[in-house]
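1. pasting the sequence and the predicted coordinates here, then a few questions.
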Amino acid sequence: MHPSEQIALIMLRIYERVLTTTSGGNISIIDEDENIWITPAGVDKGVLKPSDIVCVKKDGTLIGDHKPSSEYPFHLAIYKQRPEIKSIIHAHPPGIVAFSIARTIPDTSVLPQTRHLCGSLGYASYAMPGTDALGEQIAKEFEKGHSVVIMENHGAVIGGTDISNAYQKFESLETSVRTILCGSALGRSVALSEDKLLSYKKYIERKFPEQDATTSYSTQERTSRTQILKIVKRACKQGLMLGGYGSISARWNNDDFVITPNGVAKWDLTADDLVQVKEGKSEKNKTADPAALLHQEIYKKHKHVNAIIITQPVYLTSFAITGKDFNVRTIPETWIYLQDIRMAEYGAGYSENGEISELISEQSPVILVKNEGVIVTGNKLLQAFDYLEVAEFSAKSLVLSTSLGKMIPISDAEVEALGKVMGRWKNYDWKI
C-alpha cells in the first residue's frame with residue numbers, strides 16, 4: 001500500500017475510534033528515499049483522502065495540493081534522530097491528554113502488553129505547537145531511546161518501525177491510560193513487578209507445535225474463519241479489542257479450532273491469516289496466537305464451549321487492574337447472561353495449569369484475569385461476543401455509578417424470579 005493510502009487509512013481509523021478531532025493530530029511516513037509523507041494542515045481528518053497527503057521531498061520540495069501539517073518540524077527532527085523509526089503518529093486522545101495536563105506519566109507496567117509495546121515513556125516539556133523548540137524537546141526524548149513521548153499540556157507522539165507498529169502503540173497506550181483512569185474510580189491500580197513483566201515476554205515468544213504438511217479446510221472450518229473475521233472487525237471498531245492484543249477462536253471439529261495469528265494486527269486480518277489448530281498442532285508456516293494452548297485446554301475441558309474471546313476492553317480491565325469485585329446484579333440481562341464473574345490471578349492466562357478452565361462453567365462464561373483482561377466463552381461465537389458486550393456495558397455502568405453513590409443490586413427475590421425465565425433468555429439460535 002502506498003504511504004498516502006496508509007496514512008489516510010490510519011487517520012480515518014483514529015478518527016472513527018474518536019481518538020482525535022476534525023483538526024487534531026497528524027501522521028507521517030518516511031520512505032526509502034527519505035521523502036516524508038504527512039497529513040496536511042487544515043483538512044478535515046474525518047474525510048481525509050490519499051490525494052490530500054503531502055510529500056515533503058528530501059530536498060524540501062513540496063508535492064501535493066495542501067500545506068504539510070504545522071507539526072512537520074518535530075516529525076523531521078525525530079526521523080533525523082532515530083533512523084529506525086519509519087512512521088510517527090501524533091494525536092490528542094482524551095486519556096493521554098488527561099495525563100499530559102496533569103503533568104503525570106502513566107505507569108505502563110499495569111498492563112504487560114503496553115509495557116512490551118511502548119517501553120518506558122518519555123516526557124517533553126511544553127513548547128509552542130509548530131515550533132522548532134517543540135521539535136527539539138521531543139527529539140531529546142527520542143534520543144534517550146523512547147519511542148512514546150507524553151507532551152506536556154498537549155498529547156503524545158509515537159514512533160514505530162512502520163505505521164502499523166506506531167498505531168498499535170498508540171491504541172494500546174490510550175486504552176491503558178483510560179483503564180487506569182477508570183480503575184481510579186474503583187480503587188488503586190496494581191503495577192506488575194519486572195519479574196511478572198518478564199513472564200509476559202516469555203509467553204509471547206513461545207511457539208505452538210506445527211503440522212508437518214499444509215492441510216485443506218473443510219466447509220465448517222471456512223465458515224468459522226468467516227465468522228471470526230467478522231467478529232474481530234466488529235470488536236476492533238467498537239473498541240472491544242486491540243489491534244496488538246487478544247485472540248479469538250472457534251471450534252470446528254472435536255477439539256480442533258481456528259484462531260487468530262500472532263504478529264498480525266487485528267485490524268488488518270484476512271481469513272487466510274487465521275490459523276488452523278488440529279490434533280494439537282498449528283497450521284504449517286503460520287504462527288498461532290500464544291494463547292492457543294489455553295484455548296485448546298478450554299475446549300478439551302468444556303464441550304459446551306465452541307468459541308473463546310480473550311481481550312482487554314477498558315471498563316472490564318479496570319476491574320482486572322484493581323482486583324475489585326464485579327457485581328453482576330446490575331440489570332436483569334447482566335445477571336441472566338453472566339451470573340458469576342470470577343477472577344483469576346495474573347499469569348493464569350499465560351499457562352495451561354488448569355486454573356482458567358476450572359473457573360469456567362456454563363454459569364460462569366466470563367473470567368477476569370488480574371492485569372491481563374477478560375476471557376469470554378460461548379456455545380457459539382456470536383454468543384461469546386454478546387456476553388463480552390454485556391459484560392463491558394455493565395462494567396462501564398458500575399464505574400460510572402461510583403460518582404453517584406453506592407450501587408444497589410437486584411434483590412435475592414428478584415434474582416429468584418429471573419431464574420425462572422433464564423432459559424428463554426439464553427437459548428437464542430446465535431447466528432452471524
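-> It's in.

2. for the stretch 51-200 of the chain, which segments are assigned as helices?
-> Ranges of helices within the stretch 51-200 of the chain are 72-81, 94-101, 112-118, 132-143, 163-183, 194-205, based on DSSP state H, counting those that start in this stretch.

3. ugh, wrong one, the stretch 301-432 of the chain
-> Per DSSP H, counting those that start in this stretch, the stretch 301-432 of the chain carries helices over the ranges 314-322, 332-338, 355-359, 381-401, 412-426.

4. ok, residue 398 - contacts?
-> With contact taken as CB atoms under 8 Å, 6 or more residues apart in numbering, residue 398 is in contact with 315, 326-327, 330, 407. The C-beta positions use only the backbone N, C-alpha and C, and glycine is treated the same way.

5. go through the residues you listed and say which is closest to residue 293.
-> residue 326 (26.2 Å; CB to CB).

6. returning to that earlier point: most tightly surrounded among the helices of the stretch 301-432 of the chain?
-> Mean neighbours per residue, mean count of other CB atoms under 10 Å, is largest over the helices of the stretch 301-432 of the chain for helix 314-322, with a mean of 25.

7. ok and that one relative to helix 94-101, angle-wise?
-> If you take axes from the mean of the first three to the mean of the last three CA atoms, to 10 degrees, helix 314-322 sits at 50 degrees to helix 94-101.

8. just to revisit the earlier point, between the helices of the stretch 301-432 of the chain, which gets nearest to residue 208?
-> That would be, of those and by CB to CB, helix 355-359, which comes in at 17.3 Å.

9. which residues are contacting the closest one?
-> With CB under 8 Å, 6+ apart as the contact definition, helix 355-359 has outside contacts at 294, 297-298, 301-302, 342, 344-345, 348-349, 367, 369, 375.

10. if any of those are buried, give me the PyMOL selection for them.
-> Of the contacts of helix 355-359, the buried ones go into a single PyMOL selection, burial set by 16 or more other CB atoms under 10 Å:
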select buried, resi 294+297+298+302+342+344+348+349+367+369+375
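
11. just send the contacts of helix 355-359 back as TSV, with distance to residue 73 and pLDDT too.
-> TSV is the format used below for the contacts of helix 355-359 (distance: CB to CB, whole Å; pLDDT from 0 to 100):
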residue	distance to residue 73	pLDDT
294	47	92
297	52	92
298	51	94
301	57	93
302	56	95
342	52	92
344	48	94
345	48	92
348	47	85
349	43	78
367	48	96
369	43	95
375	45	97
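
12. of all the helices of the stretch 51-200 of the chain, which lies closest to residue 334?
-> helix 163-183 (17.6 Å).

13. which other helices and strands contact the closest one?
-> helix 3-16, strand 87-91, helix 94-101, helix 112-118, strand 155-160, helix 314-322 (3 or more CB pairs under 8 Å, 6 or more residues apart in numbering; DSSP states H and E).

14. can you list these in a markdown table and add distance to residue 413 and mean pLDDT?
-> Listed next are the helices and strands packed on helix 163-183 as a markdown table, based on distance: least, CB to CB, whole Å; pLDDT from 0 to 100:
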| stretch | distance to residue 413 | mean pLDDT |
| --- | --- | --- |
| helix 3-16 | 44 | 94 |
| strand 87-91 | 50 | 96 |
| helix 94-101 | 41 | 96 |
| helix 112-118 | 43 | 92 |
| strand 155-160 | 50 | 95 |
| helix 314-322 | 27 | 96 |
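
15. now the ones you listed in a markdown table, with distance to residue 359?
-> Formatted as a markdown table, these follow (distance: least, CB to CB, whole Å):
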| stretch | distance to residue 359 |
| --- | --- |
| helix 3-16 | 35 |
| strand 87-91 | 38 |
| helix 94-101 | 30 |
| helix 112-118 | 20 |
| strand 155-160 | 36 |
| helix 314-322 | 14 |
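
16. for residue 251, phi and psi?
-> phi -70, psi 140 (degrees, to the nearest 10).

17. surely it is in contact with residue 306?
-> Yes: the pair residue 251 / residue 306 is scored as a contact, 4.5 Å apart, by CB atoms under 8 Å.

18. ok, residue 166 to residue 220 distance?
-> Using CB to CB, to the nearest Å, we find residue 166 at a distance of 38 Å from residue 220.

19. neighbour count: these two, which is higher?
-> Set residue 166 next to residue 220 and count neighbours by other CB atoms under 10 Å: residue 166 wins out with 26 against 14.

20. who's in contact with that one?
-> Residue 166 sits next to 87-89, 158-160 when contact means CB under 8 Å, 6+ apart.

21. out of the residues you listed, who's the most crowded?
-> The most neighbours of any of these, using other CB under 10 Å, belong to residue 158, which has 30 neighbours.

22. who's that residue bridged to?
-> residue 89, residue 148 (DSSP bridges).

23. so who does it touch?
-> Counted by CB under 8 Å, 6+ apart, residue 158 has contacts 88-90, 118, 147-149, 166, 169-170, 173.

24. buried residues in stretch 257-266?
-> Across stretch 257-266, burial judged by 16+ other CB under 10 Å covers 257-262, 264-266.

25. where in the stretch 201-350 of the chain is pLDDT low?
-> Scanning the stretch 201-350 of the chain for pLDDT under 70 picks out the ranges 214.

26. which residue is the nearest non-sequential neighbour of residue 80?
-> Once flanking residues are discounted, residue 80 sits nearest to residue 139: 7.5 Å by CB to CB, 6 or more residues apart in numbering.
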